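K.L.:
Coordinates for the following, if possible.
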Amino acid sequence: MSQFSSPKPRPGMGWLAKSLIGMGVMVLGGLVFLGALLWWTVVRVDVGSDELLVLINKSGDELPNDLGPDFDDQVILYDELVQAIARKTGKSPEDVRRDTAGVQLQVLLAGRYFPNPYRYERRVIKATVIGPNEVGVLIRQFGKPLPFPKTVATEPDERGPVAEVLQPARHNINLLAYEVQKFDMRLVPEGHCGVVTLLSGRDPATPNTYTVEAGEKGVQREVLPPGRHPYNPYLQRIDLVDLRSHKYDMIGDDAIYFPSNDSFPIELLGYVEWAVRPDRVAEVTVAYGDEEDILKKAVLPHVRSISRIQGSRLRAREFIGKTRTEFQDHLLTELKKQCWREGVDIKAAAITEIKLPPEIAALISAREQADQDMMRSGTQIDEAKSEARLVEERERQEQNRKIGDAKRGVVSITKKADQDKVVQITQAERELEVARLNLEAAEKLAAATRAKGEAEANVVLFGYQARAEPLKMAVSAFGDGDMYAQQFFFQKVAPAIQSILTNTEGPFAEVFKQFQAFPAPAPTASKGGSQQ
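P.N.:
Residues are numbered from 1 along each chain as shown. Below is the predicted model of the structure:
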């Protein structure tokens, strides 16, 4: 065996090494499994669909002490604080948020996260849901205190109620940095309006007025119509004002007492119906108060003053009859005018009863009854006169109707005669036109007949002329008519004679047979080539 050959391993050493390696692998696998288990069970954070995750830096730098009084005792790492620390330490805002102990303002939405549990405290909170008829008000728990006299926070670094409200919806709010208070929307019923008082805002440009412009602190000139309105109770106060009509009865202790012009005590009972003017409801509410205040401060004082001033000018007996109606009309007119300037609309005002002293009430009533009887008699006389005038007018109308009917009959007959005349004239003109057309047609027919006769006569004449012209020429050829007639005669007779001569039978032939022994004489030529 060579001296360089490897020594043989001792028995049992290979098994031990393998065992140690296997155990190491098992321990390492266990550690990896344990780490994965811890990472999955301890580090993992599952955030549901209706939840939020807030991280709190447990370890890190404390807040600097010299940032100023506005940043004392802050535990929320909001943007203004982070910027102040970054300016003080020279770090970036991201490093400040990571390295400074405190509650992070930003929240993480639904999902799965693995933040370091030794560095961060994890808080899973519910998302904020504002109902359909609700509003949410954020109470900011970080930032600098509100300066006087502000009641709501309008800057992002101010602590306290936030001016803007949360509308109905889901909101991802860090409830470690904010408190959410829920309020019902302000319901303005039908027939009402809402007078808005702004508790915080700009100082009024025109001070010492009942109402202010929009955005200025005080009672707003614009009011809210009927319906549901979101509002911030830390910023606004909404007072409901009834715009419907109100009726107040002036009876009992509320009746109106005053002396008449002749020193008799008069008691007036009645009612007044009024409503607040919609265009001045805010001003009236500030100036007087609620409906009862408006009645006592604006309506009733005018009713009493006008009634007493006007009533003290009349004598006691003038409160019965026609003067009473005039008194009531004057009261309504003057009351409407004065209350309209105060922002109140008087719908109606009436005197239902006037109480007079008993010692004169009967006398005034009897006198008034007599006056009424006289007026009634006069009315009856006027009615009789009116009836007579009515009968006369009816007779006149009947007479006018008959005259009108007669005139309409004359006009109808005249129109009918005129129409018949027009019809007859039209018919005569039409017949004349037809006769004229017939005459023209007869003349044209006669001319055509004459032309036809002349044409037929010319045809006969031309036919005769056509036959006579050869005869004329033939007669001219024979010299005269006698010669032509003789020739014509011989032409007609010659065939018969020839026939007779050629027939050897009969008695006539016997006459000529005796001449057959003699030679026939030679024929002589006649003028024109005919034989004699």
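K.L.:
average pLDDT for stretch 151-171?
P.N.:
The pLDDT scores in stretch 151-171 average 93.
K.L.:
wait, stretch 299-318
P.N.:
Mean predicted lDDT for stretch 299-318 stands at 85.
K.L.:
mind listing what's buried in it?
P.N.:
299-300, 302-304, 306-308, 310-311, 314, 316-318 (16 or more other CB atoms under 10 Å). In short, each C-beta sits where N, CA and C put it, glycine included.
K.L.:
next one: stretch 261-277
P.N.:
Applying 16+ other CB under 10 Å to stretch 261-277 flags 264, 266, 268-270, 272, 274-276 as buried.
K.L.:
Using a markdown table, lay out these together with secondary structure, pLDDT and distance to residue 95.
P.N.:
Formatted as a markdown table, these follow (DSSP: H, G, I helix; E, B strand; the rest coil; pLDDT from 0 to 100; distance: CB to CB, whole Å):
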| residue | secondary structure | pLDDT | distance to residue 95 |
| --- | --- | --- | --- |
| 264 | coil | 81 | 97 |
| 266 | strand | 84 | 91 |
| 268 | strand | 87 | 86 |
| 269 | strand | 89 | 86 |
| 270 | strand | 89 | 83 |
| 272 | strand | 93 | 76 |
| 274 | strand | 95 | 70 |
| 275 | strand | 95 | 67 |
| 276 | strand | 95 | 63 |
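K.L.:
any idea which of the residues you listed is closest to residue 484?
P.N.:
Among the buried residues of stretch 261-277, residue 275 lies closest to residue 484 (CB to CB), at 147.0 Å.
K.L.:
Could you verify my assumption that the closest one touches residue 344?
P.N.:
Yes: here residue 275 reaches residue 344: they are 7.4 Å apart, a contact under CB atoms under 8 Å.
K.L.:
so where's the chain shaky on pLDDT?
P.N.:
1-14, 320-322, 359-368, 371, 496-532 (pLDDT under 70).
K.L.:
separation between the spatially most central residue of the chain and residue 285?
P.N.:
Nearest to the geometric centre of the chain sits residue 225, at 22.2 Å (CA atoms, centre = their mean). According to CB to CB, to the nearest Å, residue 225 stands 16 Å off from residue 285.
K.L.:
separation between residue 160 and residue 75?
P.N.:
Distance from residue 160 to residue 75, by CB to CB: 16 Å.
K.L.:
Let's have the buried residues of stretch 261-277 in a markdown table, adding distance to residue 401.
P.N.:
Output for those, formatted as a markdown table (distance: CB to CB, whole Å):
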| residue | distance to residue 401 |
| --- | --- |
| 264 | 61 |
| 266 | 58 |
| 268 | 56 |
| 269 | 56 |
| 270 | 53 |
| 272 | 55 |
| 274 | 56 |
| 275 | 56 |
| 276 | 60 |
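K.L.:
Name the nearest of those relative to residue 88.
P.N.:
For the buried residues of stretch 261-277, the residue nearest residue 88 by CB to CB is residue 276; the value is 59.0 Å.
K.L.:
For the residue nearest to the closest one when sequence neighbours are not counted, which residues are in contact?
P.N.:
Distance criterion CB to CB, 6 or more residues apart in numbering; nearest residue to residue 276, sequence neighbours excluded, is residue 284 at 5.5 Å. For residue 284, the residues meeting the contact criterion (CB atoms under 8 Å, 6 or more residues apart in numbering) are 276-277, 294, 298, 342-344.
K.L.:
Quick one: buried ones out of the residues you listed?
P.N.:
276, 294, 298, 342-344.
K.L.:
what's the closest of those residues to residue 448?
P.N.:
Nearest member of those to residue 448, counting by CB to CB, is residue 276, at 108.2 Å.
K.L.:
From residue 83, how far out is the closest one?
P.N.:
Residue 276 is 52 Å from residue 83, by CB to CB.
K.L.:
do residue 399 as well
P.N.:
109 Å.
K.L.:
And for residue 146?
P.N.:
For residue 146, the distance to residue 83 equals 21 Å [CB to CB].
K.L.:
which of the two has more neighbours?
P.N.:
Per other CB atoms under 10 Å, whichever of residue 146 and residue 83 has more neighbours is residue 146, with 18 against 13.
K.L.:
Now the closest residue to residue 270 other than its chain neighbours: phi and psi?
P.N.:
With CB to CB, 6+ apart as the criterion, residue 270 has its nearest non-adjacent residue at 4.3 Å, and that residue is residue 351. Phi and psi for residue 351, reported as degrees, to the nearest 10, are phi -100, psi 110.
K.L.:
Give me the neighbour count for residue 351.
P.N.:
20.
K.L.:
ok, it touching residue 272?
P.N.:
No: with contact defined as CB under 8 Å, residue 351 does not count as touching residue 272 (10.3 Å).
K.L.:
picking that back up, show only the entries of the contacts of residue 284 found in helices.
P.N.:
residue 294 (DSSP state H).
K.L.:
Doesn't residue 56 lie inside a helix?
P.N.:
No: under DSSP: H, G, I helix; E, B strand; the rest coil, residue 56 sits outside any helix and is assigned strand.
K.L.:
Give me the number of neighbouring residues for it.
P.N.:
Residue 56 - counted by other CB under 10 Å - has 16 other residues nearby.
K.L.:
now swap in residue 99 and tell me
P.N.:
For residue 99, using other CB under 10 Å, the count is 14.
K.L.:
How about the contacts made by the closest residue to it other than its chain neighbours?
P.N.:
Leaving out its chain neighbours, the residue that sits closest to residue 99 by CB to CB, 6+ apart is residue 60, at 5.0 Å. When contacts are counted by CB under 8 Å, 6+ apart, residue 60 touches 98-102.
K.L.:
List just the nearest of those to residue 334.
P.N.:
Using CB to CB, the shortest approach to residue 334 within the contacts of residue 60 belongs to residue 102, at 72.5 Å.
K.L.:
okay but the closest one is in contact with residue 82, surely?
P.N.:
No: the pair residue 102 and residue 82 fails to qualify as a contact (CB under 8 Å) at a distance of 9.5 Å.
K.L.:
Can you name the residues bridging to residue 218?
P.N.:
Beta-bridge pairing for residue 218 (DSSP bridges): residue 198.
K.L.:
what's the answer for residue 212, then?
P.N.:
With DSSP bridges as the rule, residue 212 is bridged to residue 220.
K.L.:
number of nearby residues for it?
P.N.:
Neighbours around residue 212, by other CB under 10 Å: 22.
K.L.:
and what of residue 134?
P.N.:
By the measure other CB under 10 Å, the count of residues near residue 134 is 16.
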